[in-house]
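Student: Next comes the sequence, and after it the predicted model I'd like to discuss.
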Amino acid sequence: MSRVFSRLQRRSFIGLGLAASLTHPLRSLPAATSQRRPTGRAKNVIVILEQGGLSHLDTWDPKPDAVAEHRSPYKPIATRVPGIQFTELCAKSAAIADKLAVVRSFHHTTNVANGHPLGTQYVLSGSVPGGPIEMPDIGSVVAHRLGSDCEWLPPYIMVPGNHEQAAMTRHGFLSASTKVFKTGGRDLSDPAWKVNDLGLLTGIDEGRFHDRLDLLSNLNVGVRPEPGDSVGTMSAMFAQASDMLSNPRTQRAFRLSEETDAVREAYGRGHRGQCYLLGRRLIESGVRFVTVDVREPMSAKTPGGFNMNWDHHDYIYTNGSCGTQRIAAGGEGRYGIGTWWMMGSTDQAFAALVRDLDDRGLLDETLVCFVTEFGRTPRLNKFQGRDHWTNAYSMVFAGAGVRGGQVIGKTDRDGGFVLERPLRPEDYASTVYEKLGLDHDRPLYTRENRPVFISHGGKVIAELM
């Protein structure tokens, strides 16, 4: 049977658009792996990963008493919650502070992940990279344990997943069926944008597609694979991929044109706003775990802006481009943090996302996590930028029973070190798992049958429960 199946894979399914699905399956197999605990509150998770090391000092953790020469020029402002302040770069988020829990005390206890690649892998997995076993992303673990209620979409999707650290996603020792599906897309605000390879190829209509599936079904008559048998697994993957390719709801989930002009304007018409909006559409469609990881693309409006993440080593407070040549500390290609293309678009899109989820009745069952891989130094360097800083940074949470209007943890006067409630990425991961009702005491198993526990010593952040 394996020879027949191999020939079928090479010949009969050429042109169906399934080849990518065989090596990169789009959906997990939840029947054998799902297990919920009744303590969970979240049904879905949306992670906003603002990659590059967002400055906590200029956003969620203002430090007006820092020494003048290193102080942020962006002033603290009152939020909707008395006693809680953000900086003026977070004005729209300040208006929904009653729905947000800001954790100001994340830090690393190791220097392993003080660069962007490993820092990104750390926050995606909740485990320090470089151990004896490569750990999967939190989203892959969730896909493995819970699968998805939405059969026509992958359980773990990244929007758009095409930046320089996107390769740091991992499914580790788990099945390829748990691997993240990346939508791609340089600019989601472009009306011509679409997800590639989610439809039948030219010349293959739906009737011909199903005829070929019937052929495979007939060839498999009488085959009863044992659990874990490769033929059975591949047959299940074919079924999953065919559902995605033939179900009209798949492409519709990615169709931003179905949103009203008012909604699209609320998020912001640029690339970032539309990525956040697509994240909401995927959650609304039933996708279990969505990660939005985005930066505005270079355009005529952003000369010199060819890599606009948060890595502000140079001229963090400039009103335009930080520079186009690597002649200073390595922060070229981005815009100052106070420009529209950075915190302006981010603040608008994030506030719109939380409001929109709430208005649609989705916030009660959706955990929203605004994360970054580390913060920025409390002192400006000689190039008027801030460097990588793992000793203190902030994350923000909302939804799924999280009590809004609270600040968790505290840093010192300069924002350099944690004074109260020190927390690690492991604690963040444990909290996500707990919110979803996953059993921390039930291990995953490698192919060598080695047990691996998902929490890695992390503790649930009780204030978020």
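Tutor: Yep, it's here.

Student: What are the phi and psi values at A95?
Tutor: The phi/psi pair for A95 (degrees, to the nearest 10) reads phi -70, psi -10.

Student: name the element the residue nearest to the spatial centre of the chain belongs to?
Tutor: The residue lying closest to the centre of the chain (C-alpha atoms, centre = their mean) is T291, at 2.1 Å. Secondary structure from DSSP states H and E places T291 in strand 289-293.

Student: try D356
Tutor: helix 345-359.

Student: which secondary structure elements does that helix contact?
Tutor: Packing contacts for helix 345-359, counted by 3 or more C-beta pairs under 8 Å, 6 or more residues apart in numbering; DSSP states H and E, involve strand 44-49, helix 91-94, helix 261-267, helix 271-285, strand 366-371. Quick note: C-beta positions are derived from backbone N, CA and C, even for glycine.

Student: Could you pull out the buried residues of it?
Tutor: For helix 345-359, the neighbour count (16 or more other C-beta atoms under 10 Å) marks 345-358 as buried.

Student: residue ranges with poor pLDDT in the stretch 151-300 of the chain?
Tutor: For the stretch 151-300 of the chain, applying pLDDT under 70 flags the ranges 199-246.

Student: Could you pull out the helices in it for me?
Tutor: For the stretch 151-300 of the chain, helices defined by DSSP state H, counting those that start in this stretch occupy the ranges 206-219, 230-246, 248-253, 261-267, 271-285.

Student: bridging residues for A78?
Tutor: With DSSP bridges applied, A78 shows beta-bridge pairing to Q85.

Student: Contacts only, for it.
Tutor: By C-beta atoms under 8 Å, 6 or more residues apart in numbering, the contact set of A78 is 84-85, 94.

Student: Including neighbour count, pLDDT and distance to S394, could those go into TSV?
Tutor: As requested, those are exported to TSV (neighbours: other C-beta atoms under 10 Å; pLDDT from 0 to 100; distance: C-beta to C-beta, whole Å):
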residue	neighbour count	pLDDT	distance to S394
I84	17	98	13
Q85	19	98	13
A94	22	98	14
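
Student: roughly how far is stretch 415-431 from the heart of the chain?
Tutor: 19 Å (C-alpha atoms, centre = their mean, to the nearest Å).

Student: Can you check the distance spanned by that stretch, start to finish?
Tutor: Counting by C-alpha to C-alpha, to the nearest Å, you get 24 Å between the two ends of stretch 415-431.

Student: repeat for stretch 288-303
Tutor: End-to-end span of stretch 288-303 (C-alpha to C-alpha): 38 Å.

Student: Y122 and L367: what is the separation?
Tutor: Distance, Y122 to L367, by C-beta to C-beta, to the nearest Å: 19 Å.

Student: More neighbours: which of the two?
Tutor: Higher neighbour count among Y122 and L367: Y122, with 28 against 25, using other C-beta atoms under 10 Å.

Student: The helix or strand containing that one relative to strand 366-371, how many degrees between them?
Tutor: Using DSSP H and E, the element containing Y122 is helix 116-125. Relative orientation of helix 116-125 and strand 366-371, computed by axes from the mean of the first three to the mean of the last three C-alpha atoms, to 10 degrees: 160 degrees.

Student: Now render the buried residues of helix 345-359 as CSV, adding distance to R272 and pLDDT.
Tutor: CSV is the format used below for the buried residues of helix 345-359 (distance: C-beta to C-beta, whole Å; pLDDT from 0 to 100):
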residue, distance to R272, pLDDT
S345, 4, 97
T346, 6, 98
D347, 10, 98
Q348, 9, 98
A349, 5, 98
F350, 10, 98
A351, 13, 98
A352, 11, 98
L353, 11, 98
V354, 15, 98
R355, 16, 98
D356, 15, 98
L357, 17, 98
D358, 20, 98
